[in-house]
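Peer 1: kindly return the folded structure for what I paste below:
(3 chains)
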Amino acid sequence: MQQEYLLEMRGIDKAFTGVKALTKVDFSVKRGEVHALMGENGAGKSTLIKVLTGIYHKDAGTIIFDGQEIAPKTALAAQALGISTIYQELNLVPFQTVYENIYMGREPRTKVGTIDRRRMIRDARQVLEGMGIAIDVQEPLRRYSTAIQQMVAIARALTINAKLVVMDEPTSSLDAKEVQVLFDVIRRLKAQGIAIIFISHRLSEIFEICERVTVLRNGELAGVFDIEELDTQTLVNSMLGRSFTNAQRSKGGYAYDEAEELARLEGISWNVRLNGIGVDIKKGEILGLAGLLGSGRTELCNILFGSEPPDDGSIFWLDQPGDIRNPRDAIRLGMGYCTEDRKVEGLFLHLSVKDNLTMAMLPQLTKKGVVQKKKQDAIVQQYIDRLKIKTPSSEQLVRYLSGGNQQKVLLARWMCMNPKLIILDEPTRGIDVGAKAEIEALIQEFSANGISVLMISSEMEELVRNCDRIVVMRDGKKLGELTDERITMDDIMDTISHGASAILLAKEGEQA
Amino acid sequence: MSTGPVNPVSLERPPLSDTLRKQSPVIMLGTLLLINAIFTNNFFTIDIVWLIIIQCATIILTGMGQTMVIATGGIDISIGSQMALAAVVCANMLPYGILPAIIAAIIACAVMGLISGFMVGKLHVSPMVVTLSMLLFARGVAQVINDGRILYIDQYKNFEFLGQGKILGELPMQIIPIVLVVALVYFIIEKTAWGRRIQAVGDNPTAARLTGINATGTVISAYVLSAMFAAMAGLVLVSKVGAADGSNMGRLAELDAIAAVAVGGTSMAGGRAKVMGTLLGAIVMQLITITVVMNNIQYEYAQILKSAIIIFAVFIQRESRA
Amino acid sequence: MQLKANKSPVRRVWNWFSSRNTIIAFLLLFIAAAIMFSDRKFLSFNSVHNIFRKVAQDNGVAALGIAFVILLGQIDLSVGSTLALSGVISVLVANMGYPLLGAAAGILVGVVAGFITGLMVAKMKISSWIASLAMMLALRSVVLLISNQQPIPLQSAIFMDLGQIKWFNVSIMVYIYIAILLISMFISRHTRLGTGLYAVGGNEEAARMMGLKVDKIKILAYVICGAICAVGGIMMASRMRSAQPLAGTTWETYAIASCALGGLKLTGGEGKFSGVFFGSLIIAVLNTMFNYSPSINTWWQNILMGALVLISVGLQTDAIKLRLPKASKPTTAEESK
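Peer 2: Below you'll find the model as predicted:
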């Protein structure tokens, strides 16, 4: 007698150096079901998956897979047990052929011990045909689109007898047609009794392909739903949480009538992430970009800052066509950009607080190329005091600072430039509560001084507390704009979900 | 997807091993001096100091350029050939005067550095491959100019004075380029915006771009400067030897330079430039040679020891970049 | 549902060209040489044989060795030094009266040298450039110490004769080279190690996730490289009738040039041994052309070689590739099922 559940994870705890990432999470997947795992950034989805696939090791709890308790030590061990993961960053070798990728490391051999290519080609073709994919398996993998590469990864999982396939945002870089191909494959796998954990931020996809949904929030289980009983509103509420009764707004009305426009983006398209979105930013306002993960918020900021050229659309700065071809142009116009990932995109970890703080400002601090030390020190000290940056000295290497203080250094880097616009992507991510409040106060200060702020945050309360206006985004499009008294948690979530259901309805209309 | 867990480091102090690593050139120098104090007769004399200055000059000069290139996250293994090129160009230009000869040599190498820098900074070709080709290319140019022969320049006594003369009594002439270049590089790295940018590009190219730094230009400038210092090293060498040999001058000089940088504590991964460390590293390298020679040990043992030190130095620097 | 790789005519012509451009370059060069030096009987058996012998005797063997490492996306600058050390050791042992043991000792030296470099790269995670640069210096110093900087004359008769043997008028060196070439092609094509090399070079992380023993593959590649270079060193000693302490200096650059010209991606994961063969041929033909042209200064060779590596590697970078027609997007054909 087979158990109903293929996978049962019970009471999973996981902490990183004292910070709880997962608290008593239960998660179970039935045989042959497509199960969505949902949650915002930091909700613990990826930690849970990594515990399941052996990349992290759980602190407490049990994992029962196929009737046996397991504790995989490595991804390889998990694979051997029948748990395969299809990552966003595909773990395949692009220069190798399709069939080589499928059988890499487990090549069948002939009697004399050489690799049996003929058999590999035959088998690979068979497996892919079983999935409804007919491609030339002897072509190098990189000749094919991401969608096909994913199919190959799935084919590889099938040939190692996977019982459970984890798909980590498989649709994030696929277009609509390719998504349908993927869904066809998923349905076939399901018919073969293979269970699938499906991670995606596109609600319409969840409703289309999944049978059950598990939602995580802040490392805890927020709910398990059958898809039939679930509507978008409940799902969004469950993901974002209603624990806060509308956050206190720290700002009153912004005088839009008198406000001049600072920047305007029109019809911006990029990759599959942005689809003809238009946004304008007024002088001195705090504009929030709300939306679920993957809605294209960061991409929009990258384009405004000249870090990525848009495929289509135009940018205006003070009503002039903005010639922004690289970040240098953007900085010259008066922009500053604090990126989401401080360590990867912001900090110079081997340089001092002083150097990090003044890196963008150096051209103004130098006289004939020589850094004017007194002027530099004065500015650095001024900002260390003003932002209360906790560091033993300005010479301390920035990597020894805490996350909150590192973020303050980056804020100071742009503040000292007297910018017109500061772009903040998740400014309070990974920062303790005290520092969070300080940074929010700073954001208000910017605005009071006439500096515009474009802000992304996954914490809705933060947007509600701070923004004068909120643009709600989904799938690279603008769903709506909220101002004044409409800036509430409820309104944001309603816009996200109604917008979402509107899109869903439109899709259903197409199919009918 | 979501990023990893946040590591709540609060005002963490640099670990002890970091401090030890930082002091490793001093420790190595101390060890070498100690060994010499015990085993080498007549080691602590003023003549040894002059000897070190004379023999160290090329390593210090090339090491300074290499420090800047490595700080950008690159490497330049063509400097030995650049030295030869500078020597040959200079020797051929000497009939037109000393100053034109020196300038021509430096310009010739700067052009080579410009090519390397462009390939690395603009076309993003691996710096090793680029400078390996440049190693062949510059050597070839030097050989073609000299037709593979050795050009003697002993008739230009004024020029030879640059390499063999002494100033202020006993002080060798080499002290002048050493002081000039070390001071210049130290000044660039520590005092100028340019120096900050060089380290920023090597530390985090993405962040550098987003901070508005012209990464391409910064990288190119480092290679050009490195080539110019290599040219000066070549000039020092040719004036000391009195002959320009396009085929053999400066062979393996890049090894000494890289070793000096590695021993000096500059991370091979880029982002840090320890100018004084390189200076110490160069002295350590030269001291190894002197120690071996003064104790009548074959020079090859010094080479083997040097290779081991390169590996060791790179290995311990590697760990600090977690 | 059927999805095909895009095979537009432009793309197809380009693919054909790009996968064979080494051969085409070689043929063009060869024809040019044949016309330029028709008075010197460039197309005669002797002249062609000479070109092949050049490949076998000069850097062709080292190129095959280094190709194993380059496929991994690594480098081995110590090939020349390994070759010299193997030569010296094998001659010393052969001179004691054990020619076979001498050859074995020579190869063992290559294997050990490769193993050490491999360890530094795979286990100590030191950049292969730095690790092999240090090895190059250290091994060369050992050679100079052992040989006392003098050539060591070969006294073993068998060993000496080996270098002079000809079958069907073709030097045994050519046969040995072709044997190594065929074995290399076999390993790369038909063994798990071969596919492992390509996998690690193409995407190391993926290879690890696929269960390949990445460190082992890396070390093995260096060991094979060392062993092949050792054979090259023994061949050289036998041909020169002595072990030269400076044998193989700067050969690493020529070997890398052969690989780059032969279409091996220096970042790893792509390329064929047949390409390396043609890359070596190109260099040999160029070499011959230089020798035949008294008007051209032989020193131009270095310049040309440096420029060739720069150009062939420069062509591999994305900066230039971006301007070619895109190959990535497949066309989705009509539903066929």
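
Peer 1: in contact with whichever residue of the stretch 251-400 of chain A sits closest to chain C, which residues?
Peer 2: Residue nearest to chain C within the stretch 251-400 of chain A: A:Val272 (12.1 Å; CB to the nearest CB). All C-beta atoms are positioned from the backbone trio N, CA, C, and that covers glycine. The neighbours of A:Val272, taking CB atoms under 8 Å, 6 or more residues apart in numbering or on different chains as the test, are A:173-175, A:476.

Peer 1: if we go to 7 Å?
Peer 2: Applying CB atoms under 7 Å, 6 or more residues apart in numbering or on different chains, we find A:Val272 in contact with A:173, A:175.

Peer 1: residue nearest the centroid of the chain?
Peer 2: You didn't pick a chain, so chain A it is. Central residue of chain A (CA atoms, centre = their mean): A:Leu293, 5.0 Å from the mean position.

Peer 1: looking at chain B here, not the other one
Peer 2: Central residue of chain B (CA atoms, centre = their mean): B:Gly63, at 1.5 Å.

Peer 1: residues of the strand or helix carrying that residue that come out buried?
Peer 2: In the assignment (DSSP states H and E), B:Gly63 maps to helix B:46-71. Neighbour-count burial for helix B:46-71 flags B:48, B:50-71 (criterion: 16 or more other CB atoms under 10 Å in any protein chain shown).

Peer 1: repeat for stretch A:413-421
Peer 2: A:413-417, A:419-421.

Peer 1: roughly how far out does that stretch sit from the chain middle?
Peer 2: 27 Å (CA atoms, centre = their mean, to the nearest Å).

Peer 1: list of residues touching that stretch?
Peer 2: With contacts defined as CB under 7 Å, 6+ apart, stretch A:413-421 is touched by A:262-263, A:281, A:334-336, A:338, A:356-357, A:359-361, A:379, A:383, A:422, A:451-452, A:454.

Peer 1: mind jotting down where the strands sit in the stretch 101-250 of chain A?
Peer 2: A:164-168, A:195-199, A:212-217, A:220-226 (DSSP state E, counting those that start in this stretch).

Peer 1: could you dump those strands to a markdown table with mean pLDDT and distance to B:Leu184?
Peer 2: A markdown table is the format used below for the strands of the stretch 101-250 of chain A (pLDDT from 0 to 100; distance: least, CB to CB, whole Å):
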| stretch | mean pLDDT | distance to B:Leu184 |
| --- | --- | --- |
| strand A:164-168 | 89 | 52 |
| strand A:195-199 | 91 | 55 |
| strand A:212-217 | 89 | 57 |
| strand A:220-226 | 87 | 60 |
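
Peer 1: of the ones you listed, which is nearest chain C?
Peer 2: strand A:164-168 (13.1 Å).

Peer 1: and that closest one, which strands flank it?
Peer 2: Strand pairing for strand A:164-168, using DSSP bridges, gives strand A:83-86 (parallel), strand A:195-199 (parallel).

Peer 1: keeping just the C-alphas, turn it into PDB.
Peer 2: Only the C-alpha atoms of strand A:164-168 are listed here, as PDB (Å, rounded to 0.1, in the frame of the first residue of the first chain):
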ATOM      1  CA  LEU A 164       9.900  14.400  -7.500                       C
ATOM      2  CA  VAL A 165      11.000  17.300  -9.700                       C
ATOM      3  CA  VAL A 166      11.500  20.700  -8.200                       C
ATOM      4  CA  MET A 167      11.100  23.600 -10.700                       C
ATOM      5  CA  ASP A 168      12.600  26.800  -9.400                       C
END
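
Peer 1: circling back to that earlier point, using neighbour counts, trim the contacts of stretch A:413-421 to the buried set.
Peer 2: When those are checked for burial by 16+ other CB under 10 Å, the buried set is A:262-263, A:281, A:334-336, A:338, A:356-357, A:359-361, A:379, A:383, A:422, A:451-452, A:454.

Peer 1: any low-confidence regions in the chain?
Peer 2: Picking chain A for this. Residue ranges of chain A with pLDDT under 70: A:1-3, A:17-18, A:41-42, A:88-90, A:241-258, A:433, A:499-512.

Peer 1: not what I meant, chain C
Peer 2: Ranges of chain C meeting pLDDT under 70: C:1-22, C:38, C:40-42, C:294-298, C:314-337.

Peer 1: what about the most centrally placed residue in it, which SS state?
Peer 2: The centroid of chain C falls nearest to C:Ala63 when counting by CA atoms, centre = their mean (1.2 Å). Of the three states, C:Ala63 takes helix according to DSSP: H, G, I helix; E, B strand; the rest coil.

Peer 1: can you pull the contacts of the residue nearest to it when sequence neighbours are not counted?
Peer 2: Counting by CB to CB, 6 or more residues apart in numbering or on different chains, C:Ala63 lies nearest to C:Ser258, which is 3.7 Å off, once chain neighbours are set aside. Residues near C:Ser258 by CB under 7 Å, 6+ apart: C:59, C:63, C:276, C:279-280, C:283.

Peer 1: quick one on the thing from earlier: so can I have JSON lines of the strands paired with strand A:164-168 showing mean neighbour count?
Peer 2: Converted to JSON lines, these look like this (neighbours: other CB atoms under 10 Å in any protein chain shown):
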{"stretch": "strand A:83-86", "mean neighbour count": "25"}
{"stretch": "strand A:195-199", "mean neighbour count": "25"}
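
Peer 1: quick check: B:Gly80 touching B:Gly250?
Peer 2: Yes. B:Gly80 is within contact range of B:Gly250, at 3.8 Å (criterion: CB atoms under 7 Å).

Peer 1: and B:Pro172, what are its bridge partners?
Peer 2: B:Lys166.

Peer 1: apologies, that question was intended for A:Trp270.
Peer 2: Residues in beta-bridge contact with A:Trp270 (DSSP bridges): A:Leu274.

Peer 1: quick one on the thing from earlier: with respect to C:Gly163, which of the strands paired with strand A:164-168 lies nearest?
Peer 2: Across the strands paired with strand A:164-168, C:Gly163 has its closest neighbour in strand A:83-86 (55.6 Å, CB to CB).
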